[in-house]
Every structure is written in structure tokens, then in C-alpha cells.
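Q: Provide a 3D model corresponding to the input given below.
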Amino acid sequence: MHKGSCLCGAVRIRVEGELGPPDACHCSQCRRQSGHYWASTDVAKTAVTIEGEDNLTWYRSSEKVRRGFCATCGSILFWGADGREKIAIAMGAFDAPTGTHLEKHIFVADKGDYYDIADGLPQNRQ
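A: Residues are numbered from 1 along each chain as shown. Coordinates of the predicted model:
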């Protein structure tokens with residue numbers, strides 16, 4: 001089991017089972033929302049328990065995607081596509097140890113010009 005929360009603790013997350021390897025998304029939406037790139041892991045919705053859900057606000061960032069954040073402290077916690085059985089959870093929300101390591105970078109064609117990706121991991125343009 002893995003536990004985590006937003007910055008203020010108003011939204012708490014519990015995931016049953018192991019976390020899959022996270023990816024780092026460099027798309028313009030993730031960069032704008034997080035202030036840099038966003039690392040997350042995909043988890044089956046059935047494995048996730050959210051406490052303090054009344055403090056969770058969803059922002060529809062496109063026709064098919066919504067992003068969840070704490071309405072109190074603003075912590076970005078979730079990314080979810082409509083009709084998908086999994087939800088992406090921010091790696092920064094989890095208590096250590098997570099037992100996983102970054103697997104790849106995605107949407108690197110949109111990455112910021114102020115940094116380089118030099119960790120040797122696979123980089124997907126989209």
C-alpha cells in the first residue's frame with residue numbers, strides 16, 4: 001500500500017498494491033499547471049481511495065481530460081482521461097519510499113527551452 005496527500009493534508013490518497021513506473025510529461029499543459037514538467041504513475045481507479053474528496057476540485061483542461069487538485073492548497077494530484085480505467089497520480093504526492101523510478105519522458109517535443117533532459121531515459125516526442 002502507498003499513501004500520500006496534498007500539501008495541506010486536506011486530500012489524502014491510498015493506493016493498494018505496487019506503483020507502476022512513472023513517466024515525466026513535458027507537454028505545455030502539464031508545464032503550465034505544474035510550473036515545470038509533471039511526473040505521475042498510472043493506477044487502476046479501483047485501487048485508489050481518496051479521503052477528503054470534498055476538498056478535491058476538477059478542472060477540465062480539454063474535451064476529454066480533467067485534472068484534479070486540492071481546493072485548499074492548490075496541489076496538483078490527478079490527471080484523468082474520460083473512459084479510462086486508470087488515473088494518473090502525481091509522484092510528488094506520495095510518501096517515500098515509492099519503490100519505483102522514472103521510466104520515460106513523454107511529449108518532449110513540447111518541453112521548455114530552459115532545461116535539458118540528460119538522464120538517459122527514453123524520450124517520446126508525443
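Q: going along the chain, name the strands of the chain.
A: 2-5, 12-15, 23-25, 38-44, 48-51, 56-60, 65-70, 76-81, 86-90, 104-106 (DSSP state E).
Q: using TSV, lay out these together with distance to Arg32.
A: Where you see a C-beta, it was placed from the backbone N, CA and C, and this is true even at glycine. Conversion of those to TSV gives the following (distance: least, C-beta to C-beta, whole Å):
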stretch	distance to Arg32
strand 2-5	23
strand 12-15	23
strand 23-25	12
strand 38-44	10
strand 48-51	24
strand 56-60	12
strand 65-70	11
strand 76-81	11
strand 86-90	15
strand 104-106	16
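Q: which one, of those strands, ends up nearest to Asp113?
A: Relative to Asp113, the nearest member of these by C-beta to C-beta is strand 104-106, separated by 15.2 Å.
Q: show me what the closest one is packed against.
A: Packing contacts for strand 104-106, counted by 3 or more C-beta pairs under 8 Å, 6 or more residues apart in numbering; DSSP states H and E, involve strand 23-25.
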